[in-house]
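Participant: Prediction below, plus the sequence it came from.
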Amino acid sequence: MTELTYPQMPENSLVVLIGPSGAGKTTIANTWPASQVLSLDALRETVSDDAGDQDATGDAVDALHLLLEARMRRRLFTVIDATNVTRAAREPLIAAAKRHDMLPIALMVATPGMVCVDRQSARPANRRVPEEVVIRQRQDMVNSQRRGLNSEGFIEVAYSESLYQMLPFLERLSERRQADLGLDNGDGLGDLLLPRRVFGPEILPLWRWKDGSNIAGGDRVAEIRLGQMYLTLALRTDVDGEGDIGFDVMVPCPHDDECTGYAWVPAYSVTCLFRALNGDLDDDEDIVCTVHGPNSDDDPDGRADLEEQALEAIRG
């Protein structure tokens, strides 16, 4: 058997994590590419919209077995992220691996019981496992080890402390970052790098720079659009007078019934964008209003039409 360290871990392996709730299994599982990990919690959320819905566990287990069979049939390296502390839970996993001549490997995550219990307090209420359940899960794990996991069909029993997973994990993160920056001889994210850093990668498909727009006093303008709704943003390159960079989002002008223009509000995160579109920022006392109304004297370039479009989008 090849030594169980990176990069020698066999590619035709099924790695079954074994440990109680709170042991750190998901942290370890996440050091492998997401496509290689089958997580019971994630599948429970997929079938019920709630990762903590224990009533959905049966359906989630069925989905896990179905996906596992497909991956084993393709002889793909796979990690099972679940407690797997009982023989009954492990048997169908081993059987799926052996049907397709894959190598079942038990990976023990032997975190002290009270550490697992203490970690529950930091979890959302629907994800907390009672102390007595955690202690029982750990005892089941210990009992399984004493009886011998090899006798169940595992060809190797390893411990999480023995893995060299940080190297490949950081390697993948480094490659992703190099690609984002265009340092891999690719185009990278280019001028989308800053929006990704501030608002997250999910916003990028909605993002369009509106070069040529003068609605922001000469600063670069962007638009986030989905269907009929959109937000207008301005890239500020000297927020604090010392060269700091940030974004403002356009909202209706508050506090002044005679104001027919708009206000620019700092947007520090995607939460600010949500609040802007939802109208939660309209009455924020900290808004500094920049007025360019259709009847004002400072509209020589016909900016009112652009502003009115933005306001309509903000109001939905």
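Facilitator: Cool, the structure landed.
Participant: Helix or strand, whichever it is, which one in this protein has the lowest mean pLDDT?
Facilitator: The weakest-scoring helix or strand in the chain, judged by mean pLDDT, DSSP states H and E, is strand 288-290 (a mean of 40).
Participant: where does this structure dip in pLDDT?
Facilitator: 1-8, 240, 254-260, 281-316 (pLDDT under 70).
Participant: My guess is residue 159 contacts residue 105. True?
Facilitator: No. Applying Cβ atoms under 8 Å, one finds residue 159 not in contact with residue 105, separated by 11.4 Å. From N, CA and C alone the C-beta is placed, and that goes for glycine too.
Participant: Between these two, which has more neighbouring residues?
Facilitator: residue 105 (22 against 12; other Cβ atoms under 10 Å).
Participant: Assumed the more buried one was part of a helix.
Facilitator: No. Residue 105: not assigned to a helix; according to DSSP: H, G, I helix; E, B strand; the rest coil it is strand.
Participant: wait, what's in contact with residue 177?
Facilitator: Contacts for residue 177 (Cβ atoms under 8 Å, 6 or more residues apart in numbering) come out as none.
Participant: Test my guess that residue 191 contacts residue 209.
Facilitator: Yes. Using Cβ under 8 Å, residue 191 makes contact with residue 209 at a distance of 6.6 Å.
Participant: Now do the phi/psi pair for residue 207.
Facilitator: phi -90, psi 130 (degrees, to the nearest 10).
Participant: For burial, what's the neighbour tally of it?
Facilitator: By other Cβ under 10 Å, neighbour count at residue 207 equals 16.
Participant: For it, give the beta-bridge partners.
Facilitator: residue 224 (DSSP bridges).
Participant: Distance of it relative to residue 274?
Facilitator: Residue 207 is 15 Å from residue 274, where distance means Cβ to Cβ, to the nearest Å.
Participant: same deal with residue 40?
Facilitator: In terms of Cβ to Cβ, residue 40 sits 30 Å off from residue 274.
Participant: Can you name the element that comes right after the host helix or strand of residue 28?
Facilitator: Using DSSP states H and E, residue 28 sits in helix 25-29. Remark: after helix 25-29, the chain's next helix or strand is strand 37-39, criterion DSSP H and E.
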